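**Student:** Compute the structure for the input listed below.
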Amino acid sequence: MKRIISLLMVALLIMGSMAGCTGNQETAPEAPADNESAETEQISEETETTEEPVASQDVMIAGLMGPTSMGMIKLFEEKALNSDAYSVEYMAESAPEALVGKIINGDVQIAAVPTNLASVLYNKTEGAVQFLALNTLGVIHIVGSAEISSLEDLKGQTLYVSGQGATPDYAINYILEKAGLKDDIAIEFYPDHASLAQAVIAGDAPAAVLPQPFVTQVVMKSENVNLLIDLNEAWSEATDNAGDLAMGCLLVNREFAENNKEFISEFMVQYEASVNWVNENPAEAGLLIESNGILPNAKLAETAIPKCAIVFKTAQEAKDEINTFLEILMNFNPSSIGGKLPDEDFYYSE
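**Tutor:** Purely as a prediction, here's the structure:
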């Protein structure tokens with residue numbers, strides 16, 4: 001009997017122990033495996049340390065409908081300098097005035113403008129822009145259907161000019177004053193080169209000051225239109241051969257240049273290469289100029305390129321001749337360069 005009671009007690013103890021184990025399985029959560037725990041910790045760490053990708057910096061490079069955009073046509077065509085770090089766009093405007101507000105606001109980082117306008121903007125913005133490179137020499141001439149061969153022949157007539165306040169405006173007025181003709185010849189302005197070129201072709205502007213390639217365009221379009229006076233010769237005579245007529249340049253936003261020196265350096269290399277290629281390959285360049293909408297046809301561009309005085313000189317290389325040119329304009333009309341000569345800091349230096 002005692003043996004039976006002992007066996008029953010052991011059986012009861014075993015059943016109680018099993019019941020306890022069953023209760024733990026129902027209420028306790030299953031512990032994660034070691035490899036699952038490690039993966040969870042790794043995902044958590046990656047979530048905390050992963051950063052958003054840095055957005056590329058927008059860069060706008062602007063030329064004008066003429067030699068400046070023609071000179072950089074390889075950059076236009078190749079969308080040069082685009083990368084993960086920089087989103088670069090190129091555009092060509094018909095007149096410098098369309099660029100002024102964008103330059104002042106910092107919407108355009110590099111721009112081709114008349115040389116005197118670069119000085120005006122430097123003074124106006126208190127040094128927020130800098131002269132980057134000289135890119136165009138004397139390209140303005142008097143063209144039309146008038147029967148004249150000298151400035152003297154224009155006495156009592158009207159001379160039509162595009163780009164009021166830009167280099168052609170001040171250059172022709174300086175030339176006329178030095179020739180003693182300023183009060184004898186009326187000046188009438190057109191808003192841009194393209195509209196004046198059409199007026200010349202139509203015969204509405206018998207004598208007009210136009211730059212290349214518009215000079216070539218009007219002569220090709222109308223048998224009644226001729227190149228009447230080479231203003232490079234007139235400028236040399238008026239200035240006693242003090243220097244070239246420095247028509248156009250590149251300027252750069254100072255803050256952008258200071259923070260992106262490698263970009264500026266590479267831009268200068270590629271811009272110079274484009275200028276050299278255009279001058280050496282006018283036929284091929286003409287095709288790109290047409291396809292990018294800079295000029296209406298490739299043959300016009302090809303014919304005009306050798307006459308467009310497209311050059312490349314860094315600010316430091318061109319500094320002396322630009323100083324001379326701006327001094328001439330300063331003595332003639334201080335407002336033509338923004339009221340004062342720009343200081344040394346005007347010229348970009350790497």
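**Student:** All the helices of the stretch 251-350 of the chain, residue numbers only.
**Tutor:** 254-259, 261-280, 282-291, 298-304, 315-332 (DSSP state H, counting those that start in this stretch).
**Student:** would a markdown table of the ones you listed with mean neighbour count be doable?
**Tutor:** C-beta here means a position set from N, CA and C on the backbone, and glycine is covered the same way. Putting these into a markdown table (neighbours: other Cβ atoms under 10 Å) gives the following:
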| stretch | mean neighbour count |
| --- | --- |
| helix 254-259 | 15 |
| helix 261-280 | 17 |
| helix 282-291 | 19 |
| helix 298-304 | 20 |
| helix 315-332 | 18 |
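**Student:** So Asn135 belongs to a helix, correct?
**Tutor:** No. According to DSSP: H, G, I helix; E, B strand; the rest coil, Asn135 belongs to no helix; its state is strand.
**Student:** Spit out the contact partners of it.
**Tutor:** Asn135 is in contact with 67-68, 71, 112, 248-250, 275, 310-312, counting by Cβ atoms under 8 Å, 6 or more residues apart in numbering.
**Student:** for this structure, what are the low-confidence residue spans?
**Tutor:** 1-54 (pLDDT under 70).
**Student:** Domain-wise, how is it divided?
**Tutor:** Residue ranges for the domains of the chain, per automatic domain parsing: 57-137+246-342, 140-238.
**Student:** In contact with the nearest residue to Pro206 once chain neighbours are set aside: list those residues for me.
**Tutor:** With sequence-adjacent residues excluded and distances taken as Cβ to Cβ, 6 or more residues apart in numbering, Pro206 is closest to Ala146, at 4.0 Å. Applying Cβ under 8 Å, 6+ apart, we find Ala146 in contact with 153-154, 157, 206-207, 228.
**Student:** Pull out the buried members of those.
**Tutor:** 154, 206-207, 228 (16 or more other Cβ atoms under 10 Å).
**Student:** So which of those is the closest to Val108?
**Tutor:** Comparing those against Val108 with Cβ to Cβ places Ala207 closest, at 34.1 Å.
**Student:** wait, isn't the closest one in contact with Leu151?
**Tutor:** No. In this structure, Ala207 is not within contact of Leu151 by Cβ atoms under 8 Å, at 10.2 Å.
**Student:** residue contacts, Cys249?
**Tutor:** Counting by Cβ under 8 Å, 6+ apart, Cys249 makes contact with 112-115, 118, 131-136, 318, 322.
**Student:** What segments of the stretch 1-150 of the chain are helices?
**Tutor:** Counting by DSSP H, counting those that start in this stretch, the helices of the stretch 1-150 of the chain are 2-27, 34-49, 67-71, 73-78, 97-104, 115-124.
**Student:** Can you tell me which of the contacts of Cys249 is nearest Ala166?
**Tutor:** Set against Ala166, the nearest of the contacts of Cys249 by Cβ to Cβ is Pro114 (4.2 Å).
**Student:** measure that closest one to Asn135 for me?
**Tutor:** Using Cβ to Cβ, to the nearest Å, one obtains 11 Å as the distance from Pro114 to Asn135.
**Student:** same check, this time on Leu227
**Tutor:** According to Cβ to Cβ, Leu227 stands 23 Å off from Asn135.
**Student:** now do Phe346
**Tutor:** On the measure of Cβ to Cβ, Phe346 and Asn135 end up 16 Å apart.
**Student:** how about CSV for the buried ones among the contacts of Ala146, with secondary structure and distance to Gln164 added?
**Tutor:** Listed next are the buried ones among the contacts of Ala146 as CSV, based on DSSP: H, G, I helix; E, B strand; the rest coil; distance: Cβ to Cβ, whole Å:
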residue, secondary structure, distance to Gln164
Leu154, helix, 19
Pro206, coil, 20
Ala207, coil, 17
Leu228, strand, 21
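**Student:** which one of those sits closest to Asn292?
**Tutor:** Leu228 (30.9 Å).
**Student:** does that closest one really touch Ser149, like I thought?
**Tutor:** Yes. Counting by Cβ under 8 Å, Leu228 touches Ser149, with 7.0 Å between them.
**Student:** check contacts around the residue lying closest to Ala111 once chain neighbours are set aside.
**Tutor:** Nearest residue to Ala111, sequence neighbours excluded (Cβ to Cβ, 6+ apart): Ala62, at 4.4 Å. Contact analysis of Ala62 by Cβ under 8 Å, 6+ apart lists 90-93, 99, 102, 108, 110-112.
**Student:** List the beta-bridge partners for Ala62.
**Tutor:** Met91, Ala111 (DSSP bridges).
**Student:** That one and Gln109, how far apart?
**Tutor:** As for Ala62, its distance to Gln109 is 9 Å (criterion: Cβ to Cβ).
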